[in-house]
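[1] kindly return the folded structure for what I paste below:
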Amino acid sequence: MGLFDVHAHLTHPDLASESTAVLERARAAGLTTIVSNGLNPRDNDAVLDLARREPIVRPALGFYPVDTVLQPMRAAGVDYPREGEECSAEEGIAYLRENVEQAFAVGEIGLDGHWVPEAFWPEQERVFRTLVKLALTADKPIIIHTRKREARTLEILDELGAKRVNWHCFGGKVKLARKIAERGHYLSIPANARRSESFTRMLQTLPRERILLETDCPYLAPEPGTRNEPANVAGTAAYAARLWNLPESDAVAALAENFERLFGLPP
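    This is a model prediction of the structure:
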């Protein structure tokens, strides 16, 4: 069993032009699986194309939570600092409905209360529910992005009966993270864990069988001001081993078992 990254953005412009070199460095660091997460239909297509060319890449097809309500936000004059493709909620849902069987996982999807004003939350929840139901019908694991709406996200997942869930880059309170782990969900720890008190605390206190590794590359690098990439999960695995007082090989094996339980095959 090798190392893995359950949440990367290999199609991001900062990485896409160097994907061959990025993947070579990942393999050299011991990675055998990288789950590249899509954000919208065009990005999902790019993720699928990369996965077809590179066996190390597994495609997660998603619909970024802010994007699910971006068009009505723009129409209402809400500022959101992002350029690029925008699509309607129904276009994003239709894409997932047509392509979900090709997905290794559905994600990232979720709720965002940081950029999205409360007036748009009901519509955001409607889209989220629809996407979760698509994942459940297709028996696909779900990768969650949630910001400032962690508790509500958990309520909806509980209501819909979602069990095969990973929470990426969880930013809520550690107490809520423990409740999430108690549900049988997983939480992936990013590569900046050494400089984050919250992520360090999660590694120390959450059940080890509920921990996964991620980068969210090109974001959340181990060192501020640098570009992140999947190879950096090796440093997180070494950090977890030190916190757990385990040989690094044992920590990697335990993390790989977590991956296999969620996704149904080893990394």
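[2] so where's the stretch 1-150 of the chain uncertain?
    Counting by pLDDT under 70, the stretch 1-150 of the chain shows low-confidence ranges at 83-84.
[3] apply 80 and report the result again.
    Low-confidence segments of the stretch 1-150 of the chain (pLDDT under 80): 1, 82-85.
[4] all helices for it, in order.
    13-16, 19-28, 41-53, 70-75, 89-99, 121-138, 150-160 (DSSP state H, counting those that start in this stretch).
[5] for Met1, find the nearest of the ones you listed.
    Nearest to Met1, of all the helices of the stretch 1-150 of the chain, is helix 19-28, at 14.6 Å by Cβ to Cβ. C-beta here means a position set from N, CA and C on the backbone, and glycine is covered the same way.
[6] now do the buried residues in the closest one.
    Under the neighbour-count criterion of 16 or more other Cβ atoms under 10 Å, helix 19-28 has 19, 22-23, 26 buried.
[7] ok, stretch 137-156 next?
    Buried residues in stretch 137-156, defined by neighbour count with 16+ other Cβ under 10 Å: 140-147, 149-150, 152-154, 156.
[8] ok, Leu3 touching Pro267?
    Yes - counting by Cβ atoms under 8 Å, Pro267 is a contact partner of Leu3 at 7.0 Å.
[9] can you put the helices of the stretch 1-150 of the chain in TSV and add distance to Pro247?
    Converted to TSV, those look like this (distance: least, Cβ to Cβ, whole Å):
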stretch	distance to Pro247
helix 13-16	32
helix 19-28	21
helix 41-53	32
helix 70-75	47
helix 89-99	41
helix 121-138	36
helix 150-160	33
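[10] which one of those lies nearest to Phe259?
    That would be helix 19-28 among the helices of the stretch 1-150 of the chain, by Cβ to Cβ, at 15.1 Å.
[11] and the angle for the closest one with helix 41-53?
    If you take axes from the mean of the first three to the mean of the last three Cα atoms, to 10 degrees, helix 19-28 sits at 60 degrees to helix 41-53.
[12] so what does helix 19-28 touch, helix or strand wise?
    Using 3 or more Cβ pairs under 8 Å, 6 or more residues apart in numbering; DSSP states H and E as the contact test, no helix or strand touches helix 19-28.
[13] kindly provide the distance from Thr130 to Ile189.
    To Ile189, Thr130 is 29 Å away according to Cβ to Cβ, to the nearest Å.
[14] show me where the stretch 151-267 of the chain has its strands.
    Using DSSP state E, counting those that start in this stretch, the strands of the stretch 151-267 of the chain run over residues 165-168, 186-189, 211-213.
[15] show me what the shortest one is packed up against.
    Same thing as strand 211-213. strand 3-8, strand 186-189, helix 233-244, helix 248-263.
[16] that one: how far from the chain's middle?
    How far strand 211-213 lies from its chain's middle: 11 Å, per Cα atoms, centre = their mean, to the nearest Å.
[17] what of stretch 95-106?
    Between the centre of stretch 95-106 and the centre of its chain there are 15 Å (Cα atoms, centre = their mean).
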